[in-house]
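J.: Have a look at this fold, sequence not included:
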């Protein structure tokens, strides 16, 4: 049942390990590559954000997600985690932000229709084709991200596996509880909210903004809850 997610994790790890071989390139090359990645990440986020059919739901989810994220101090927790991992790896190259690599990769790999629909296909029909396709794409993306963001990218394999695995295992319950039409609407709006967060990551990578992206993450489950409540009433 989890075969697709396992292959996805393996591809992320392989891509990251290959990408580590490219981290020794010159600073000018690295800076230009980073800017290219940031522009591409922003484009990906915009494409995802435009999936929305209800901007007001996106807005409400972002607002309440930001409030919850600030309350829980998620950004501070992630920064602590990044510092702890950096100390364990004894990384002397301060150009790598472990937390930034982790969050950037986790959102790109974990938020979107392919992650959710692929996991549902694995759980309901034992069809891993969509996740296998995603795995290949994620592997190449991990390689490119790692070349500039460093080892933090590899840790994204953990939330990707946990999220996709949870959706796969609970697929039959999800299908029984949530009507198919509502589920597809939720996927669209989750993708849109995730897209906005990814845009924020792209702007941060370009040093245009300093958005506390991690504190926006609670918006992702909130959008599904808001839509379910709206459906019931």
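T.: Structure received. Owing to the predicted nature of the structure, the values given are computational and were not obtained by experimental measurement.

J.: Show the subsequent helix or strand relative to the top helix by length along the chain.
T.: Ordering each helix of the chain by length in residues (DSSP state H) puts helix 180-205 first. Beyond helix 180-205 in the direction of the C-terminus, DSSP states H and E gives the next helix or strand as helix 219-232.

J.: neighbouring contacts of that next one?
T.: Residues external to helix 219-232 that are found in contact with it (CB atoms under 8 Å, 6 or more residues apart in numbering): 57-58, 60-62, 64-66, 68-69, 111, 178-179, 182, 185-186, 189-190, 193-194, 197. Heads up, the C-betas are built off the backbone N, CA and C, glycines and all.

J.: contacting residues for residue 191?
T.: Applying CB under 8 Å, 6+ apart to residue 191 gives the contacts 48, 51, 111-113.

J.: Quick check: it vs residue 219, distance?
T.: As defined by CB to CB, to the nearest Å, residue 191 lies at a distance of 12 Å from residue 219.

J.: how about the lowest-mean-pLDDT helix or strand in the chain: buried residues?
T.: Across the helices and strands of the chain, mean confidence by mean pLDDT, DSSP states H and E is lowest for helix 74-89: a mean of 78. Buried residues in helix 74-89, counted by 16 or more other CB atoms under 10 Å: 74-75, 78-79, 82, 85-86.

J.: What distance do you get for residue 25 to residue 8?
T.: Residue 25 is 27 Å from residue 8, where distance means CB to CB.

J.: who's more crowded, these two?
T.: More crowded of residue 25 and residue 8, by other CB atoms under 10 Å: residue 8, with 32 against 12.

J.: So for that one, what's the nearest residue that isn't a sequence neighbour?
T.: Spatial nearest neighbour of residue 8, chain neighbours left out: residue 135 (4.1 Å); criterion: CB to CB, 6 or more residues apart in numbering.

J.: if I read this right, the one you found contacts residue 3, doesn't it?
T.: No: using CB atoms under 8 Å, residue 135 is not in contact with residue 3; the gap is 10.4 Å.

J.: Need the residue closest to the centroid of the protein.
T.: Closest residue to the average C-alpha location of the chain: residue 107 at 1.1 Å, with CA atoms, centre = their mean.

J.: That one - nearest residue in space that isn't next to it in sequence?
T.: Distance criterion CB to CB, 6+ apart; nearest residue to residue 107, sequence neighbours excluded, is residue 198 at 5.5 Å.
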